[in-house]
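[1] Got a predicted model here, sequence first, then my questions.
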Amino acid sequence: MSDNDTEQEKSFRERYAEELRKKKQQDTYHYGGDNELVEERVQVNQQEQKTPGRRRKKIKQEEINKEIVRRDMIKNRRIPVARTLNGLEKK
């Protein structure tokens, strides 16, 4: 969250971040299924090209990036745990 956001921008940012958490994301190693998070990014990019300089579009881009990073971090934390549970990795 940017330090110079107005209250209205903070509220929008929180609501939009919550909306992004509900969107599906396709596994990077398997094709198939919906990839709503990427579709949202494409839609925001197209909107930004039509009306550049809009603050909400910039906030949306920032929040999409944060959500993708958040999901990657969660996924990367689970990999070592899964290996130890399956007995593939010994400590």
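    Arrived safely.

[2] ok, longest helix in the protein?
    The single longest helix within the chain, with elements called by DSSP state H, is helix 55-85.

[3] Work out for me the element residue 17 sits within.
    Here residue 17, judged by DSSP states H and E, is contained in helix 7-21.

[4] picking up where we left off before, buried sites along the longest helix of the chain?
    If you call a residue buried by 16 or more other CB atoms under 10 Å, then helix 55-85 has these buried ones: 56, 57, 59, 60, 63, 64, 67. C-beta here means a position set from N, CA and C on the backbone, and glycine is covered the same way.

[5] Okay, angle between the helix holding residue 17 and helix 55-85 too, please.
    Using axes from the mean of the first three to the mean of the last three CA atoms, to 10 degrees, the direction of helix 7-21 lies 40 degrees away from that of helix 55-85.

[6] got the CA positions of helix 7-21 in PDB?
    The C-alpha trace of helix 7-21 is given here as PDB (Å, rounded to 0.1, in the frame of the first residue of the first chain):
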ATOM      1  CA  GLU A   7      -8.800   7.000   2.300                       C
ATOM      2  CA  GLN A   8     -10.900   6.300  -0.800                       C
ATOM      3  CA  GLU A   9      -7.900   4.800  -2.600                       C
ATOM      4  CA  LYS A  10      -7.000   2.600   0.500                       C
ATOM      5  CA  SER A  11     -10.600   1.400   0.600                       C
ATOM      6  CA  PHE A  12     -10.600   0.600  -3.100                       C
ATOM      7  CA  ARG A  13      -7.200  -1.200  -2.800                       C
ATOM      8  CA  GLU A  14      -8.400  -3.400   0.000                       C
ATOM      9  CA  ARG A  15     -11.600  -4.300  -1.800                       C
ATOM     10  CA  TYR A  16      -9.800  -5.100  -5.000                       C
ATOM     11  CA  ALA A  17      -7.100  -7.200  -3.300                       C
ATOM     12  CA  GLU A  18      -9.900  -9.200  -1.600                       C
ATOM     13  CA  GLU A  19     -11.500  -9.700  -5.000                       C
ATOM     14  CA  LEU A  20      -8.200 -10.900  -6.500                       C
ATOM     15  CA  ARG A  21      -7.800 -13.500  -3.800                       C
END
